[in-house]
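[1] Everything below, folded, please.
(chains A, B, C and D)
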2 protein chains.
Amino acid sequence: MVRTTNYVKLPRAMLKPSLSKKSAPSKLGLVDVLAQAAFTTMAILNKLAAENDLSLTQLRVAGILRDRRLRMLELADYLGLEKSTMTGLVDRAEKRGLMRRAPNPDDGRAIDVFLTKEGLKLAERLQGQFQDAIAPLTTKLKASDQNLLQELLERLLASD
Amino acid sequence: MVRTTNYVKLPRAMLKPSLSKKSAPSKLGLVDVLAQAAFTTMAILNKLAAENDLSLTQLRVAGILRDRRLRMLELADYLGLEKSTMTGLVDRAEKRGLMRRAPNPDDGRAIDVFLTKEGLKLAERLQGQFQDAIAPLTTKLKASDQNLLQELLERLLASD
DNA sequence: TATTGTTATACTCTATAACTATA
DNA sequence: TATAGTTATAGAGTATAACAATA
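    Here you go, the predicted model:
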């Protein structure tokens, strides 16, 4: 059973560029640009999800489960969602043949979730599509600047 | 009438860091990092919205209308949403005293939307809270690197 | 006729609370 | 008793389609 809805319309503008007070401190600028980059990237991911008849959350799940098998609760924690929310999410993905449930062998209460072969293929296709979709942005920078940007963002995101 | 729900639970992990094939081309790395940065930023924005009893969309609307008055359809285009979706969105915001509707003086079919004084105050508070929330990330970089990052992202996002 | 906005309807995502089964 | 997952219920966000009012 295939869903036919295609829940996305692309925004004309992502976010207001900035307050741009004349002599605003430059710290404010970076914050704005980060937000704008986030909205732009999310719009791409959203479009990608819609084109594949997925919600953004389902897209994330596909990415997360690409190389792991997780319990329902672990998956919920990864996503920052309640366990009850997972039930419906996994139900729908299972109905579409993308994921499957199986009892956890070590804990009779727990249920493992994992991608089917079809789900895995989709996840890999999505990875490639995302790269293609974002390439028009990244290729505006020359290779050395791409590396620089990557390095700066990695430091920004470093968890310690 | 104040909503009491607080629709957010923070994720333990934002997104799988990478496929990390041993000798993957470095282009793949930047794409992954951009996605991760987007999810991290969106998680912050989402939390901020939830703490103020707003959805992410309402948070965006607050930002967009901070210095403009728009017709329903213009607002829909900004957000990438259908006009029918706006009706409910504006209804709810209006009920909370954050926005108001008024007939457009130039076109009898059109309805303008704008923030109330209370909505404006909220929008400004949100701006400050977002800066505070994201500061722990940005301050990991020294000032010159912050400027560099901002410049690189600006080039990435430049629309031409 | 074409455009703007609303209404009706339906589905997904999300949460809280109560429940069942297992530890 | 505590934990894992499901079910029931409810509200928000989203879309499509049909409609009323205005251009």
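[2] What are the boundaries of the strands in chain A?
    A:70-71, A:99-103, A:111-115 (DSSP state E).
[3] What count of nearby residues applies to A:L153?
    25 (other CB atoms under 10 Å in any protein chain shown). C-betas here are computed from N, CA, C, even on glycine.
[4] That one touches B:L34, doesn't it?
    Yes. Assessed by CB atoms under 8 Å, A:L153 is found in contact with B:L34 at 7.1 Å.
[5] Tell me where chain A has helices.
    All helices of chain A, identified by DSSP state H, fall at A:26-51, A:56-64, A:72-79, A:83-95, A:117-138, A:143-157.
[6] Pipe those into TSV and attach mean pLDDT per row.
    As requested, the helices of chain A are exported to TSV (pLDDT from 0 to 100):
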stretch	mean pLDDT
helix A:26-51	84
helix A:56-64	94
helix A:72-79	96
helix A:83-95	97
helix A:117-138	94
helix A:143-157	96
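[7] need those helices in a markdown table with distance to DNA strand D, can you?
    Shown next, in a markdown table, are these (distance: least, CB to the nearest atom of the strand, whole Å):
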| stretch | distance to DNA strand D |
| --- | --- |
| helix A:26-51 | 8 |
| helix A:56-64 | 10 |
| helix A:72-79 | 3 |
| helix A:83-95 | 3 |
| helix A:117-138 | 17 |
| helix A:143-157 | 25 |
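[8] Which one, of these, ends up nearest to B:K117?
    Closest to B:K117 of the helices of chain A, according to CB to CB: helix A:26-51, at 23.3 Å.
[9] what's that closest one packed up against?
    helix A:56-64, helix A:117-138, helix B:26-51, helix B:117-138, helix B:143-157 (3 or more CB pairs under 8 Å, 6 or more residues apart in numbering or on different chains; DSSP states H and E).
[10] Tabulate those (JSON lines), appending distance to DNA strand C.
    Formatted as JSON lines, the helices and strands packed on helix A:26-51 follow (distance: least, CB to the nearest atom of the strand, whole Å):
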{"stretch": "helix A:56-64", "distance to DNA strand C": "4"}
{"stretch": "helix A:117-138", "distance to DNA strand C": "14"}
{"stretch": "helix B:26-51", "distance to DNA strand C": "8"}
{"stretch": "helix B:117-138", "distance to DNA strand C": "17"}
{"stretch": "helix B:143-157", "distance to DNA strand C": "25"}
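[11] Format those as CSV; extra columns: distance to A:N46.
    Output for those, formatted as CSV (distance: least, CB to CB, whole Å):
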stretch, distance to A:N46
helix A:56-64, 6
helix A:117-138, 11
helix B:26-51, 11
helix B:117-138, 21
helix B:143-157, 17
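[12] Around A:N46, how many other residues sit close by?
    21.
[13] brain fart, A:T41
    Count around A:T41 with other CB under 10 Å applied: 25.
[14] how about the nearest residue to it, chain neighbours excluded?
    B:A38 (3.6 Å; CB to CB, 6 or more residues apart in numbering or on different chains).
[15] I'd say the one you found and A:Q36 touch.
    No. Checked against CB under 8 Å, the pair B:A38 and A:Q36 is beyond contact range at 10.6 Å.
[16] follow-up on the earlier one: residues contacting the residue nearest to A:T41?
    A:A37, A:A38, A:T41, A:M42, A:L45 (CB atoms under 8 Å, 6 or more residues apart in numbering or on different chains).
[17] at 6 Å instead, please
    A:A38, A:T41, A:M42 (CB atoms under 6 Å, 6 or more residues apart in numbering or on different chains).
[18] is it possible to export the residues you listed to TSV including distance to B:D106?
    Shown next, in TSV, are the contacts of B:A38 (distance: CB to CB, whole Å):
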residue	distance to B:D106
A:A38	35
A:T41	37
A:M42	34
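[19] can you pull the contacts of the spatially most central residue of chain A?
    In chain A, the residue lying closest to the centroid (CA atoms, centre = their mean) is A:R60, at 4.2 Å. Counting by CB under 6 Å, 6+ apart, A:R60 touches no other residue.
[20] what about A:F39, how many neighbours?
    With other CB under 10 Å as criterion, A:F39 counts 24.
[21] Can you get me a residue count around A:V113?
    Counted with other CB under 10 Å, A:V113 comes out at 24.
[22] which residues does it form a beta bridge with?
    A:L70, A:R101 (DSSP bridges).
[23] how much space is there between it and A:R66?
    Distance of A:V113 to A:R66, given as CB to CB, to the nearest Å: 13 Å.
[24] how much space is there between the nearest residue to A:L153 once chain neighbours are set aside and A:N147?
    Closest residue to A:L153 apart from its sequence neighbours, by CB to CB, 6+ apart: B:V33 at 4.6 Å. Separation of B:V33 from A:N147 (CB to CB): 11 Å.
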